[in-house]
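Engineer: Could you work out the structure for the sequence below:
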Amino acid sequence: MILPVIMAGGFGLRLWPLSREHYPKQFLTVTGNESMLQETVARLSGIEHAASILLCNEEHRFIAAEQMRLGGYEHGGIILEPVSKNTAPAIALAALQAVNSAVDGEDPVLLVLAADHVIDNQQAFKAAIEKALPFAENDQLVTFGIVPTAPETGYGYIRAGEQAESEKRLADCFKVAAFVEKPDLASAKEYLAADNYYWNSGMFLFKASRYLQELEKFAPDMLDVCQRALAASSQDREFVRVDKAIFETCPNGSIDYAVMEKTDAAMVVPMDAGWSDVGSWSALWNVAVKDENNNVSKGDVIAVNSVNSYLHAENKLLTTVGIDNLIVVETKDAILVARKDQVQDVKSVVNELKKAGRSEYKWHREVYRPWGKYDCIDAGARDHVKRITVKPGEKLSIQKHHHRSEHWVVVLGTASVLNGDKTILMTENESTYIPLGAIHALENPGKIPLEMIEIQTGSYLGEDDIVRFEDRYGRV
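Structural biologist: Got it, this is the predicted structure:
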């Protein structure tokens, strides 16, 4: 049985300002009607498989769980990485969890996928998995090599060697001769002209036990830490919380460096499925549907005499006149304008934001929480105005603040408000005042979303001025 392992722990900062540290690209809807995570799960339809294991960052756990729920996708648990240690330890945690949960001694075959890739040709994707499966079941570690379409310098490559046999005939599967680092342009052109070089997709198929055997052979310290960290983990709702103190001691390493470059069991199956890792704005422009002027337009956009550009408006009217080869992205709190051939440097903008201590690299103006979301409409030195949306049946933590008071006005729905020693019900157009230091909580007891305006006033308005006494989401 194939057990999908979906890695959703990246940050995708080259897609800033849409992708932020606390809401990265795998949770964005960039090509269809679903997020990249949801599309990753959806493309498994038609493949016989068990419920997927998800791997994600602690900060993203509720986003991942909510998107799975909204998409109607079952999962077999969400493993939380307390710190990022790259792909080899992450996959080890999933493999150990799969072995520990196996029924009747079954050895599941792991299909390792990234949650932030685009694949246009679902049939070619499934066909490649079917070709790889017999080799994975025969103890090979299979990776998928993307048939290159251009001399790409932003990807690593796989050089295929001897063609493998299956049932006494040559199969569309090859021994891995070498993993090749990201090349210069001249080398990339040579690889494209050859017929045995493929882009390194970062997708894999192998038995859980077989991966752990090879990890024990080549990176025993890494496996030991992962075993101990998972053994000391705790279960919180659908989340598996790996022990942070132990996992922090784990060596950092990718699966390529830790295992695939060293094992003699590495195989590559070519895949020609319209794949992209959407690692930059130009890559997103490449895979998106374009108009007659070769533009990609999202949102409220008017483009006059403008060509070959990616135009994204999230909150305002975006207009362009006479532009060519540009990326223009507008969000509620930031605007990016970049040449399409220089988008790899967007990460430098993020680094500048970090150096300046600005929040825009980390947070959107609209912030998602397990109970709903809030949008910071306005912010002054001693006042913040937020629009708060609470999902039906959800509740914020019982808390207090040392430095601010709050005024709440209900715009839509019904609110149950704990304010000191009293609990009151509020409906549309009603308001209440939460004094500084008062213990309070907000709950939506209704069947529709609760929308409120919150006005904060005080000497300090940071999100860390919260003392939680009780929280159904484990944040105390």
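
Engineer: shaky segments in this protein?
Structural biologist: Scanning the chain for pLDDT under 70 picks out 167-170.

Engineer: Please enumerate the helices of it.
Structural biologist: Under the criterion DSSP state H, the chain contains helices at 36-42, 61-71, 87-101, 122-137, 185-193, 208-218, 220-231, 244-247, 255, 281-287, 346-355.

Engineer: Quick one: neighbours of residue 315, just the number.
Structural biologist: Neighbourhood size, residue 315 [other C-beta atoms under 10 Å]: 13. Placement of C-beta: from N, CA and C, glycine included.

Engineer: Please determine how far the closest residue in space to residue 296 that isn't next to it in sequence is located from residue 448.
Structural biologist: Nearest non-adjacent residue to residue 296, counting by C-beta to C-beta, 6 or more residues apart in numbering: residue 288, 4.3 Å away. Noted for residue 288: a distance of 34 Å to residue 448, by C-beta to C-beta, to the nearest Å.

Engineer: Same check on residue 57?
Structural biologist: Residue 57 sits 31 Å away from residue 448, going by C-beta to C-beta.

Engineer: between the two, which one's more packed in?
Structural biologist: Using other C-beta under 10 Å as the criterion, residue 57 and residue 448 rank with residue 57 on top: 20 against 11.

Engineer: what's near enough to touch that one?
Structural biologist: Residues near residue 57 by C-beta atoms under 8 Å, 6 or more residues apart in numbering: 9, 80-81, 84.

Engineer: what's the answer for residue 274, then?
Structural biologist: Per C-beta under 8 Å, 6+ apart, neighbours of residue 274: 118-121, 124, 287.

Engineer: would JSON lines of those residues with neighbour count and distance to residue 102 be doable?
Structural biologist: Below are the contacts of residue 274 laid out as JSON lines (neighbours: other C-beta atoms under 10 Å; distance: C-beta to C-beta, whole Å):
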{"residue": "118", "neighbour count": "22", "distance to residue 102": "32"}
{"residue": "119", "neighbour count": "21", "distance to residue 102": "28"}
{"residue": "120", "neighbour count": "12", "distance to residue 102": "34"}
{"residue": "121", "neighbour count": "15", "distance to residue 102": "32"}
{"residue": "124", "neighbour count": "17", "distance to residue 102": "30"}
{"residue": "287", "neighbour count": "16", "distance to residue 102": "37"}
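
Engineer: Just send those residues back as a markdown table, with distance to residue 131 too.
Structural biologist: Below are those laid out as a markdown table (distance: C-beta to C-beta, whole Å):
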| residue | distance to residue 131 |
| --- | --- |
| 118 | 21 |
| 119 | 16 |
| 120 | 19 |
| 121 | 14 |
| 124 | 11 |
| 287 | 24 |
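
Engineer: what's the farthest-apart pair in these?
Structural biologist: Of all pairs drawn from those, the widest gap by C-beta to C-beta lies between 124 and 287 and measures 14.9 Å.

Engineer: In space, what's closest to residue 150 - neighbours in sequence excluded?
Structural biologist: Nearest in space to residue 150, with sequence neighbours left out and distances taken as C-beta to C-beta, 6+ apart, is residue 192 at 7.0 Å.

Engineer: And that neighbour, how close does it get to residue 422?
Structural biologist: From residue 192 across to residue 422, the span is 71 Å (C-beta to C-beta).

Engineer: Please identify which of those two sits among more neighbours.
Structural biologist: The residue with more neighbours, out of residue 192 and residue 422, is residue 192; 15 against 8, by other C-beta under 10 Å.

Engineer: Give me the distance between the more buried one and residue 264.
Structural biologist: As for residue 192, its distance to residue 264 is 28 Å (criterion: C-beta to C-beta).

Engineer: Likewise for residue 190?
Structural biologist: 26 Å.

Engineer: Comparing those two, which residue is more hemmed in?
Structural biologist: Neighbour totals were compared for residue 190 and residue 264, and residue 190 leads with 12 against 9 (other C-beta under 10 Å).

Engineer: List the contacts of the closest residue to residue 147 other than its chain neighbours.
Structural biologist: Leaving aside its sequence neighbours, residue 147 sits nearest to residue 272 (C-beta to C-beta, 6+ apart; 4.1 Å). Going by C-beta under 8 Å, 6+ apart, residue 272 touches 121, 124, 146-147.

Engineer: Adding distance to residue 133, write those out as JSON lines.
Structural biologist: Converted to JSON lines, the contacts of residue 272 look like this (distance: C-beta to C-beta, whole Å):
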{"residue": "121", "distance to residue 133": "18"}
{"residue": "124", "distance to residue 133": "15"}
{"residue": "146", "distance to residue 133": "19"}
{"residue": "147", "distance to residue 133": "19"}
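
Engineer: which of those residues lies closest to residue 259?
Structural biologist: Residue 259 lies nearest to residue 146 out of the contacts of residue 272, by C-beta to C-beta, at 19.9 Å.

Engineer: Excluding chain neighbours, what is closest to the closest one?
Structural biologist: Leaving aside its chain neighbours, residue 146 sits nearest to residue 199 (3.9 Å; criterion: C-beta to C-beta, 6+ apart).

Engineer: what do you get for residue 414?
Structural biologist: Using C-beta to C-beta, 6+ apart and skipping the chain neighbours, the partner closest in space to residue 414 is residue 446 (4.3 Å).

Engineer: What is the burial count for the one you found?
Structural biologist: When neighbours are counted by other C-beta under 10 Å, residue 446 registers 17.

Engineer: Who are the contact partners of it?
Structural biologist: Residue 446 makes contacts with 392, 413-414, as judged by C-beta under 8 Å, 6+ apart.

Engineer: Equivalent analysis for residue 20, please.
Structural biologist: 360-364 are the contacts of residue 20 under C-beta under 8 Å, 6+ apart.

Engineer: Also residue 369?
Structural biologist: Residue 369 sits next to 62, 396 when contact means C-beta under 8 Å, 6+ apart.

Engineer: Residue 268 touches residue 141, doesn't it?
Structural biologist: No. Using C-beta atoms under 8 Å, residue 268 is not in contact with residue 141; the gap is 10.1 Å.

Engineer: Neighbour count for these two, which is higher?
Structural biologist: Neighbour count, other C-beta under 10 Å: between residue 268 and residue 141, residue 268 has more, with 26 against 23.

Engineer: Can you tell me the closest non-neighbouring residue to that one?
Structural biologist: Distances taken as C-beta to C-beta, 6+ apart place residue 145 nearest to residue 268, at 4.5 Å, with adjacent residues excluded.

Engineer: roughly how far apart are that neighbour and residue 163?
Structural biologist: To residue 163, residue 145 is 13 Å away according to C-beta to C-beta.

Engineer: Those two: which is more packed in?
Structural biologist: Set side by side, residue 145 and residue 163 show more neighbours around residue 145, with 25 against 12, by other C-beta under 10 Å.

Engineer: Sweet, I'm off.
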